[in-house]
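1. here are the coordinates; sequence isn't available:
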């Protein structure tokens, strides 16, 4: 099984955490969409990550991939059993993928971390301040009302909804913003519980290979971190303007 996409992407991280939780082996092609080549466009016509390749099966979109993994490998489920809870989990995942993704990735992580390094584009500090001072706090207010007092959203086992919330907020943390435990105590404690899970903590160990390593050394750094890196890559040498991460 091959996963195409950088492990720093929240959508890729979500899938890697699920694979670790289920104990499934995979190889990783750690590209970002703006470095995808023409073959990547054929594999992912929207030029988004992650992409799962399982034999002759190609699946795009993290939500679709997660549901495929849950149906194909059901022993450790990440979707709740009942229809009501499944619907709730899907909605929280959508909120995280859409609203938190927009804020944490496109309005914070990308302009503050990615654009200055890849596209030599300086961040708009006023726009970033609006995100960290107003937009993200409003989003976390909504999450705080739903955050579990203990355990996870649907009991003692982590679900797709828990991971979907934690992953983009990890990118916000990399960019320097985390929920204040004094204002959002339930959310902060819940995120700590998720971060302590082996399946999620494993993804954190991949970060230095991406964030603290030059591009030409990242594949070797990931291998040193215990990742099975695919021999062939869908990456290109130069970035393109098409940059979708979901």
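-> Looks like it came in fine. Keep in mind it's a predicted model, so treat the numbers as computed, not measured. Numbers count the residues shown, from 1 in each chain.
2. Which residue ranges make up each domain of this protein?
-> The chain is divided into the following domains under automatic domain parsing: 2-77+205-224, 83-201.
3. want to throw the ones you listed into TSV with mean pLDDT, mean neighbour count and distance to residue 234?
-> No exception for glycine: its C-beta is placed from N, CA and C like everyone else's. Listed next are the domains of the chain as TSV, based on pLDDT from 0 to 100; neighbours: other C-beta atoms under 10 Å; distance: least, C-beta to C-beta, whole Å:
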stretch	mean pLDDT	mean neighbour count	distance to residue 234
domain 2-77+205-224	95	18	4
domain 83-201	96	17	17
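4. what's the closest of those to residue 231?
-> domain 2-77+205-224 (8.3 Å; C-beta to C-beta).
5. okay, the domains of the chain in TSV with distance to residue 232 next?
-> TSV is the format used below for those (distance: least, C-beta to C-beta, whole Å):
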stretch	distance to residue 232
domain 2-77+205-224	8
domain 83-201	23
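6. Tell me if residue 28 really is in a helix.
-> No: counting by DSSP: H, G, I helix; E, B strand; the rest coil, residue 28 falls outside a helix, being strand.
7. ok, now how distant is it from residue 160?
-> 20 Å (C-beta to C-beta, to the nearest Å).
8. Please apply the same query to residue 212.
-> 29 Å.
9. Once you drop chain neighbours, what's closest to residue 30?
-> Nearest in space to residue 30, with sequence neighbours left out and distances taken as C-beta to C-beta, 6 or more residues apart in numbering, is residue 6 at 5.0 Å.
10. pretty sure that neighbour is touching residue 48, no?
-> No: contact between residue 6 and residue 48 fails when scored by C-beta atoms under 8 Å: they sit 12.0 Å apart.
11. Nearest to the middle of this structure, which residue? Look it up for me.
-> In the chain, the residue lying closest to the centroid (C-alpha atoms, centre = their mean) is residue 10, at 1.3 Å.
12. Is it correct that the residue nearest to residue 30 falls within a helix?
-> No: assignment of residue 6 by three-state DSSP gives coil, placing it outside any helix.
13. Give me the distance between it and residue 159.
-> In terms of C-beta to C-beta, residue 6 sits 24 Å off from residue 159.
14. Please apply the same query to residue 27.
-> 26 Å.
15. Tell me which other helices or strands the longest helix along the chain touches.
-> In the chain, assigned by DSSP state H, the helix with the most residues is helix 160-174. Here helix 160-174 touches helix 10-22, helix 83-95, helix 185-196, helix 198-204, going by 3 or more C-beta pairs under 8 Å, 6 or more residues apart in numbering; DSSP states H and E.
16. Make JSON lines from the ones you listed and add distance to residue 69 to it.
-> JSON lines is the format used below for the helices and strands packed on helix 160-174 (distance: least, C-beta to C-beta, whole Å):
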{"stretch": "helix 10-22", "distance to residue 69": "6"}
{"stretch": "helix 83-95", "distance to residue 69": "14"}
{"stretch": "helix 185-196", "distance to residue 69": "18"}
{"stretch": "helix 198-204", "distance to residue 69": "12"}
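17. what's the closest of those to residue 122?
-> Nearest of the helices and strands packed on helix 160-174 (C-beta to C-beta): helix 10-22, 23.8 Å.
18. where's residue 52, which helix or strand?
-> Applying DSSP states H and E as the criterion places residue 52 in strand 51-54.
19. What separation is there between the closest residue to residue 92 other than its chain neighbours and residue 30?
-> Spatial nearest neighbour of residue 92, chain neighbours left out: residue 161 (4.0 Å); criterion: C-beta to C-beta, 6+ apart. For residue 161, the distance to residue 30 (C-beta to C-beta) stands at 26 Å.
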